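Give me a 3D structure for the following:
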Amino acid sequence: MADRVALLLASLALLAGCAGPVAGTPKAATLSDGDRAKFKEFYERLNSAGDAGATQQSKLLKDTQHPDFRQKVCDLRGATIKVEPTWSTLRVDADWAPPGDKTHPRGDVYVVAVTITLRQEGAVIGNQIGSLHVVLLDDTVYGFAPCLGG
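The predicted model follows:
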């Protein structure tokens, strides 16, 4: 079990972008209150789905995966995540591309600092602080489903 927890935490570190500084120049997020509310609702829905169970959260992650990267949805292997954004860190990240890809997603890409809690069968098995990217495309918020290694 300890090996699995270590592997899951290492995978979350990669997911959260803890490999080093984010390239690019920070720009203040110029979101309307309505757009900012869409990002907040995105994470509220993600957390609610996780509270409802791994199947529900997995479906939501698949449904909200950025349309250009739908083939890259991963299985959380029965685990769920809770994401707690620090909204004061939300900023534009116009040069970002998903790890292992050189293609910048369509839409307006934002990055936000988060605390991620990984749960399995209701028990917390890991926490990670990092950053996650979300995209506002055609008035809809999309994300990038996390992948666990191993």
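
For the residue most central in space within the chain, which non-adjacent residue is spatially closest?
Nearest to the mean C-alpha position of the chain, by C-alpha atoms, centre = their mean, lies Leu132 at 4.5 Å. Excluding its sequence neighbours, the residue lying closest to Leu132 (C-beta to C-beta, 6 or more residues apart in numbering) is Val114, at 5.1 Å. To be clear about C-beta, it is placed using only N, CA and C from the backbone, and glycine gets the same treatment.

isn't the one you found right next to Gly130, touching?
Yes - the criterion here is C-beta atoms under 8 Å, and Val114 meets it with Gly130 at 6.4 Å.

quick one: what helix or strand has the residue nearest to the centre of the chain in it?
strand 123-137 (DSSP states H and E).

Export that strand to CSV, keeping only CA atoms.
The C-alpha trace of strand 123-137 is given here as CSV (Å, rounded to 0.1, in the frame of the first residue of the first chain):
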residue,chain,number,x,y,z
ALA,A,123,-9.7,7.6,2.9
VAL,A,124,-7.2,10.4,2.2
ILE,A,125,-4.1,8.8,0.7
GLY,A,126,-2.3,11.9,-0.4
ASN,A,127,-2.1,15.7,-0.7
GLN,A,128,-0.3,17.8,-3.3
ILE,A,129,0.1,21.5,-3.8
GLY,A,130,0.7,22.6,-7.4
SER,A,131,-1.1,24.3,-10.3
LEU,A,132,-3.8,23.2,-12.7
HIS,A,133,-4.8,24.6,-16.1
VAL,A,134,-8.3,25.3,-17.3
VAL,A,135,-9.6,26.7,-20.5
LEU,A,136,-12.5,29.0,-21.4
LEU,A,137,-13.6,28.0,-24.9
